[in-house]
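Visitor: coords please:
(2 chains)
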Number of protein chains: 2
Amino acid sequence: MAKSEATDLRELLRVPPGGPLDLGTYDPRATPAGPRNKAAGRAAVTALGPELAGLQERLFAAATAGDRRRLLLVLQGMDTSGKGGTVKHVVKLFDPSGCRIRSFKSPTDEERRHHFLWRIGKQLPQSGEIGVFDRSHYEDVLVVRVRGLVPREVWSRRYDEINRFEESLAADGVTLVKCFLHISREEQRRRLLARLDNPAKRWKFDPVDIDERRYWAAYREAYAEALALCNPDHAPWYIVPGDRKWYRDWAVSRLLLEHLTELDPRYPPPSYDVDGCRARLLGERVKGRRRAG
Amino acid sequence: MAKSEATDLRELLRVPPGGPLDLGTYDPRATPAGPRNKAAGRAAVTALGPELAGLQERLFAAATAGDRRRLLLVLQGMDTSGKGGTVKHVVKLFDPSGCRIRSFKSPTDEERRHHFLWRIGKQLPQSGEIGVFDRSHYEDVLVVRVRGLVPREVWSRRYDEINRFEESLAADGVTLVKCFLHISREEQRRRLLARLDNPAKRWKFDPVDIDERRYWAAYREAYAEALALCNPDHAPWYIVPGDRKWYRDWAVSRLLLEHLTELDPRYPPPSYDVDGCRARLLGERVKGRRRAG
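Guide: Now for the predicted structure:
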């Protein structure tokens, strides 16, 4: 553990900048650093909780004094890859007051009439907040590309548009942490079957999810291109092995911890006279007691 | 514990319908039911977690099949009464994906140009969600009344407006759970001093909070009237003893549990052919293996 703790997980999971990406060389069951089994993984996530919550509070506190920084966790991955599970187990470690969680479904009619980034811009975290996107603007170069929902000349422009958008976010104080939850086609099959087998999970199942599996290779190609083309240092992509849920949760927690630690948010110094306020409150007690006596 | 578990906490903490309310008869340190000390209280809240999360998931699942019900927890109370702490310790028990938490500060210029319920209506929970208001439309008959921010003829009309608004919410499937976190003036003084003494809490302090203490009696009167006048069975007020943080957290958790249990949300039956889908996925494996082999 000592060795893995010292490792910067960002270096291990980051999509290498430049050049094309071959997802086939990434093992969805890999555990390249950190805990080696489920029990250790769950314990490690729980142990990270107080540290993550402490960093979040400092980020939030700093914002009350004008610090504009915030963090945006972007979760992408195939159906059943664990976007919801990551929110449930990792984002839950933070104080809910300071989180802004948004799930992006198929766009509404109104959203369709606007530029694809219009609905995204309205849901960004505010200063001091932890934002979470369960799916995101990347859907507009993923499902939209694979299923041909707009012509190629439209979606092919979007990589540049996304890069410009994310550059403006970074310049405005947003730390982008983009995680591709990488699962195998076989693991997806297992998870879909598990949803069917469990009456408490059937509501999560949609037969369309089976149809979509026919496009697995096309999705993989679309993901590889999005991850390679939109991967600057200020908005990096991480490939998180997703077949083992406990490892996925640990890896995302750890990536958040590393980014927040680097941000190093600080409690703002008081802008008022601490001793004077204390004296006022203490003096008040005496008056109150006299009045009561 | 057996006895207190059997008690419906809603009956014990509900503001009695009809008639004026005298907050002086309510002890902010009371523990009228449930755990008797801090350790037991904290353990009880933790123990309620899985049950609350399970009910939330069913509420969320039901909404995917058209159930329009949702819950809105309204938290009100003087400064330092623990609205934020309740979110941190109680709302954290739910899956963050299904929560919609809103904090209402002083209205913006734009909000001021609209009816006082305008900004509230935009932040309601959607079907299946747990909404949380940290302060709410009640501020418009509390601070606004105490500090004379609008003429009496304006704020005095608002009790009826709030009642009509909440009636429409209830008719639309919103279960309102309104909690007044009741602390003593002395406890507030202790908590303000604690914020001054702890460098990690000073950012939460505002000298204006000391000035506001001069209006304690007027706030108490305004609270008593709001709680008495806006207290129908479909949108009841609860007085939650707030001087002991662990009891406050337990009581709010328990009130939420009782309301959600009464709602009794159900997983929707599948709208698709479960066996057919399972067969498709299982058959797919064979084909996949053949292709791979």
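
Visitor: can you pull out the strands in the stretch 1-150 of chain A?
Guide: All strands of the stretch 1-150 of chain A, identified by DSSP state E, counting those that start in this stretch, fall at A:70-76, A:99-103, A:130-134.

Visitor: and those strands: which comes nearest chain B?
Guide: strand A:99-103 (5.5 Å; C-beta to the nearest C-beta). Backbone N, C-alpha and C define where each C-beta goes, glycine included.

Visitor: what's that closest one in contact with?
Guide: Outside strand A:99-103, the residues that touch it by C-beta atoms under 8 Å, 6 or more residues apart in numbering or on different chains are A:87, A:91, A:123-126, A:129-135, B:96-97, B:99, B:101.

Visitor: sorry, back to before: can you put the strands of the stretch 1-150 of chain A in TSV and add mean pLDDT?
Guide: Below are those laid out as TSV (pLDDT from 0 to 100):
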stretch	mean pLDDT
strand A:70-76	98
strand A:99-103	96
strand A:130-134	98
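
Visitor: where does the stretch 151-293 of chain A have low pLDDT?
Guide: Residues of the stretch 151-293 of chain A meeting the criterion pLDDT under 70: A:285-293.

Visitor: what residues does the stretch 51-200 of chain A put near chain B?
Guide: Proximity of the stretch 51-200 of chain A to chain B, by C-beta under 8 Å from any C-beta of the partner chain, involves residues A:57, A:61, A:64-65, A:84, A:87-88, A:91-92, A:94-97, A:99, A:101, A:103, A:132, A:134, A:185-186, A:189, A:192-193, A:196-197, A:199-200.

Visitor: which parts of the stretch 1-150 of chain A are helices?
Guide: Taking DSSP state H, counting those that start in this stretch to define them, one finds helices in the stretch 1-150 of chain A at A:2-6, A:9-13, A:38-64, A:83-89, A:109-112, A:118-121, A:143-146.

Visitor: tell me which of these is the most buried.
Guide: Comparing the helices of the stretch 1-150 of chain A by mean neighbour count (mean count of other C-beta atoms under 10 Å in any protein chain shown), helix A:83-89 ranks first with a mean of 21.

Visitor: can I get that helix as CSV, trimmed to CA atoms?
Guide: C-alpha atoms of helix A:83-89 as CSV (Å, rounded to 0.1, in the frame of the first residue of the first chain):
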residue,chain,number,x,y,z
LYS,A,83,-21.8,6.5,-13.7
GLY,A,84,-24.7,6.4,-11.2
GLY,A,85,-22.8,4.1,-8.9
THR,A,86,-19.9,6.5,-8.8
VAL,A,87,-22.1,9.3,-7.8
LYS,A,88,-23.8,7.1,-5.2
HIS,A,89,-20.5,5.9,-3.6
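
Visitor: now the helices of the stretch 1-150 of chain A as a markdown table including distance to A:G19 and mean pLDDT?
Guide: As requested, the helices of the stretch 1-150 of chain A are exported to a markdown table (distance: least, C-beta to C-beta, whole Å; pLDDT from 0 to 100):
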| stretch | distance to A:G19 | mean pLDDT |
| --- | --- | --- |
| helix A:2-6 | 27 | 47 |
| helix A:9-13 | 17 | 97 |
| helix A:38-64 | 31 | 98 |
| helix A:83-89 | 27 | 97 |
| helix A:109-112 | 34 | 96 |
| helix A:118-121 | 27 | 98 |
| helix A:143-146 | 20 | 97 |
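
Visitor: which of those helices sits closest to A:L169?
Guide: Checking these against A:L169 by C-beta to C-beta gives helix A:118-121 as the closest, at 9.3 Å.

Visitor: so how far is that closest one from its chain's centroid?
Guide: How far helix A:118-121 lies from its chain's middle: 17 Å, per C-alpha atoms, centre = their mean, to the nearest Å.

Visitor: in the stretch 51-200 of chain A, what residue is nearest chain B?
Guide: Nearest residue of the stretch 51-200 of chain A to chain B (C-beta to the nearest C-beta) works out as A:A61 at 4.2 Å.

Visitor: could you report the neighbour count for A:P28?
Guide: 22 (other C-beta atoms under 10 Å in any protein chain shown).

Visitor: just want the most central residue of chain A.
Guide: Among the residues of chain A, the one closest to the centroid is A:L73, at 2.4 Å (C-alpha atoms, centre = their mean).

Visitor: report the beta-bridge partners for that one.
Guide: On the basis of DSSP bridges, A:L73 is bridged to A:V132, A:V177.

Visitor: against A:V45, how distant is A:F133?
Guide: Using C-beta to C-beta, to the nearest Å, A:F133 is found at 21 Å from A:V45.

Visitor: oops, could you answer that again for A:S81 instead?
Guide: From A:S81 across to A:V45, the span is 18 Å (C-beta to C-beta).

Visitor: cool, and A:P241?
Guide: Per C-beta to C-beta, A:P241 is found 15 Å from A:V45.

Visitor: just A:A63 next, same as before
Guide: From A:A63 across to A:V45, the span is 26 Å (C-beta to C-beta).

Visitor: need the contact list for A:L192.
Guide: Counting by C-beta under 8 Å, 6+ apart, A:L192 makes contact with A:D79, A:T80, A:F205, A:D209, A:I210, B:L281.

Visitor: same check on A:A200?
Guide: Contacts for A:A200 (C-beta under 8 Å, 6+ apart) come out as B:E57, B:Y267.

Visitor: go again using 7 Å as the cut-off
Guide: Residues near A:A200 by C-beta atoms under 7 Å, 6 or more residues apart in numbering or on different chains: B:Y267.

Visitor: A:C179 reaches A:V252, doesn't it?
Guide: Yes. Counting by C-beta atoms under 7 Å, A:C179 does reach A:V252; the two are 5.7 Å apart.

Visitor: name the residues contacting each of the two.
Guide: Common neighbours of A:C179 and A:V252 (C-beta under 7 Å, 6+ apart) are A:V240.

Visitor: follow-up on the earlier one: redo the strands of the stretch 1-150 of chain A as JSON lines? Include distance to A:L9.
Guide: Formatted as JSON lines, those follow (distance: least, C-beta to C-beta, whole Å):
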{"stretch": "strand A:70-76", "distance to A:L9": "14"}
{"stretch": "strand A:99-103", "distance to A:L9": "22"}
{"stretch": "strand A:130-134", "distance to A:L9": "18"}
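
Visitor: among the ones you listed, which comes closest to B:A171?
Guide: Closest approach to B:A171 among the strands of the stretch 1-150 of chain A is made by strand A:99-103 (27.3 Å; C-beta to C-beta).

Visitor: could you check the angle the closest one makes with strand A:130-134?
Guide: Counting by axes from the mean of the first three to the mean of the last three C-alpha atoms, to 10 degrees, strand A:99-103 lies at 10 degrees to strand A:130-134.

Visitor: strand partners of strand A:99-103, parallel vs antiparallel please.
Guide: When pairs are called by DSSP bridges, strand A:99-103 turns out to pair with strand A:130-134 (parallel).

Visitor: which residues sit against the partner strand?
Guide: Residues contacting strand A:130-134 (C-beta under 7 Å, 6+ apart): A:56, A:70-75, A:83-84, A:87, A:91, A:94, A:98-104, A:124-125.

Visitor: now the host helix or strand of A:E221: buried residues?
Guide: Secondary-structure element containing A:E221, defined by DSSP states H and E: helix A:216-229. By neighbour count on 16 or more other C-beta atoms under 10 Å in any protein chain shown, the buried set for helix A:216-229 is A:Y219, A:R220, A:A222, A:Y223, A:A224, A:E225, A:A226, A:L227, A:A228, A:L229.

Visitor: pretty sure the third one is touching A:V143, no?
Guide: If I follow you right, that is A:A222. No. Counting by C-beta under 7 Å, A:A222 stays clear of A:V143, with 8.3 Å between them.

Visitor: rewinding a little: can you name the residues that contact the residue of the stretch 51-200 of chain A closest to chain B?
Guide: Residues near A:A61 by C-beta under 7 Å, 6+ apart: A:Y267, A:P268, B:W203.

Visitor: and the last one, that's in a helix?
Guide: Yes. For B:W203, which was evaluated using DSSP: H, G, I helix; E, B strand; the rest coil, the result is membership in a helix.
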